[in-house]
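S.K.: For reference, the sequence and a predicted model appear below.
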Amino acid sequence: MGTFDLIAELPLTVERYELEGLSKEISPEFTRRCTLVKLHGGGFTGLGEDVVYQPEDHDIFEAAGAVHDLSGSWTLAEFCERTEQLDLFPAPPEWEVSRLYRLWAFHSAALDLALRQAKLPFHRAVGRPPRPMRYVASLRLGEPPSLEPVTRRLALDPTLRFKLDATSSWTPELLEALVGTGAVDSIDFKGLYRESIVDQPADPVLYRRVAQAFPEAWLEDPDLSVPAAAAALADAHERITWDVPIHSITDIEALEFKPRMVNLKPSRIGSLKRLCEMYDHCEARGIGAYSGGQTELGVGRGQAQYLAAVFHPDTPNDLAPREYNQVDPPAGLPPSPLRADFSAPGFRWPGD
């Protein structure tokens, strides 16, 4: 029996839903907007988080309100199928992937509500005990790049591990200093982003330097369509992982070579059924998995952490506590691996 089959027939009663806007200044240049989706039924509320990046998409969504009639008695599978048939955007989104982000908000809220109504924690529903969840902190080093963001965080927690966004401005001296910290688990080349603020064109020199400097680090999303870039990483295929292109099993199978590890980001996959199928597919084929965040402001980060604790707790999950998204994280944040008591019904990280 597949993972989704274990939860597909959960009964779900929905009376209404509402939307709540969230906003937080992450840095002087970036104010994050998200929208909570709240499904109400039977005296319970299920929560999901829409992590679409364009603020105007949230403005339109929240202003329109609960325009779809989702009330009724469903199974979880029926509700998820119904929401996949709907256009959840009152106006077309700027990015097509945003449709998956919003769909995940409804599916995760439905899962949370169905489990609360059944008085059942998620991990018991799928028969997988959660374990302490290992995390890394994701970080860019500024322009011009500096070691200071890394050392500032290591001063708060000397055991902290990192996933760093590499840029062409990284110098050999900076690379040497980063190696000296002994704290880098993953490098994200951001090579597959287009028309975003984090675009990083293929850079064969950068790729070669990074691969040589960090011979054991995971290398995420290089752009291998450029022959010189592909040649620079020809000996590092076992360490190359993928995030941006991964939305389905089809995407994994379409990769040029079988990966040892992929980033299964729930909001990038969108569908609860498809996500469960991807967990099963990777497990059956010996492909490792980790997960990443989307600068969530609400329950979305904890839900991704919960999934990681259940399906891949020991991999370099880019799911550090939300406070690590701040320019100046506070002291006293819980160290990796994260531990929690998951005895409460529902689909949320305890405390959310």
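M.R.: Received the coordinates, thanks. Numbers count the residues shown, from 1 in each chain.

S.K.: Wait, a helix at residue 268?
M.R.: Yes - under DSSP: H, G, I helix; E, B strand; the rest coil, residue 268 falls within a helix.

S.K.: just checking, it touches residue 243?
M.R.: Yes - the pair residue 268 / residue 243 is scored as a contact, 7.5 Å apart, by C-beta atoms under 8 Å. Glycine gets a C-beta too; all of them are placed from N, C-alpha and C.

S.K.: which stretches of the protein have low pLDDT?
M.R.: Low-confidence segments of the chain (pLDDT under 70): 195.

S.K.: ok, residues contacting stretch 266-284?
M.R.: 2-4, 7-8, 51, 76-77, 80, 84, 97, 99-101, 103-105, 107-108, 110-111, 243-244, 246-249, 252, 262, 264, 287-289, 291, 294, 300, 303-304, 307, 311 (C-beta atoms under 8 Å, 6 or more residues apart in numbering).

S.K.: Please state the offset of that stretch from the chain centre?
M.R.: Its chain's C-alpha centre and that of stretch 266-284 lie 12 Å apart, by C-alpha atoms, centre = their mean, to the nearest Å.

S.K.: Which positions in it come out as buried?
M.R.: If you call a residue buried by 16 or more other C-beta atoms under 10 Å, then stretch 266-284 has these buried ones: 266-282.

S.K.: next one: stretch 180-192
M.R.: Neighbour counts over stretch 180-192 (16+ other C-beta under 10 Å) mark 183-192 as buried.

S.K.: surely residue 170 meets residue 205?
M.R.: No - using C-beta under 8 Å, residue 170 makes no contact with residue 205, being 9.9 Å away.

S.K.: Comparing these two, which shows the higher neighbour count?
M.R.: residue 170 (22 against 12; other C-beta atoms under 10 Å).

S.K.: Restricted to strands, list the buried residues of stretch 180-192.
M.R.: Assigned to strands by DSSP state E, the following of the buried residues of stretch 180-192 qualify: 184-188.

S.K.: Show me what the helix ranked longest in the chain is packed up against.
M.R.: Secondary structure of the chain per DSSP state H: the longest helix is helix 98-118. Helix 98-118 sits against strand 11-14, strand 30-41, strand 44-50, helix 76-85, helix 122-126, helix 266-269, helix 272-284, helix 299-311, with contacts defined as 3 or more C-beta pairs under 8 Å, 6 or more residues apart in numbering; DSSP states H and E.

S.K.: pretty sure residue 160 contacts residue 154?
M.R.: Yes - the pair residue 160 / residue 154 is scored as a contact, 5.9 Å apart, by C-beta under 8 Å.

S.K.: Need the overlap of contacts for the two.
M.R.: Shared contacts of residue 160 and residue 154, defined by C-beta under 8 Å, 6+ apart, are found at residue 183.

S.K.: what about these two, which has more around it?
M.R.: Neighbour comparison, residue 160 and residue 154: the larger count goes to residue 160, with 22 against 18 (by other C-beta under 10 Å).

S.K.: which SS state does the more buried one fall under?
M.R.: Look at residue 160: counting by three-state DSSP, its state is coil.

S.K.: quick one, what contacts it?
M.R.: 137, 153-154, 183, 335-336.

S.K.: Tell me which of these fall in helices.
M.R.: Using DSSP H, the members of these that fall in helices are 153-154.

S.K.: out of the contacts of residue 160, who's nearest residue 127?
M.R.: Closest to residue 127 out of the contacts of residue 160 is residue 336 (25.6 Å), distances taken as C-beta to C-beta.

S.K.: Identify the residue spatially nearest to that closest one, adjacent ones excluded.
M.R.: residue 135 (4.7 Å; C-beta to C-beta, 6 or more residues apart in numbering).
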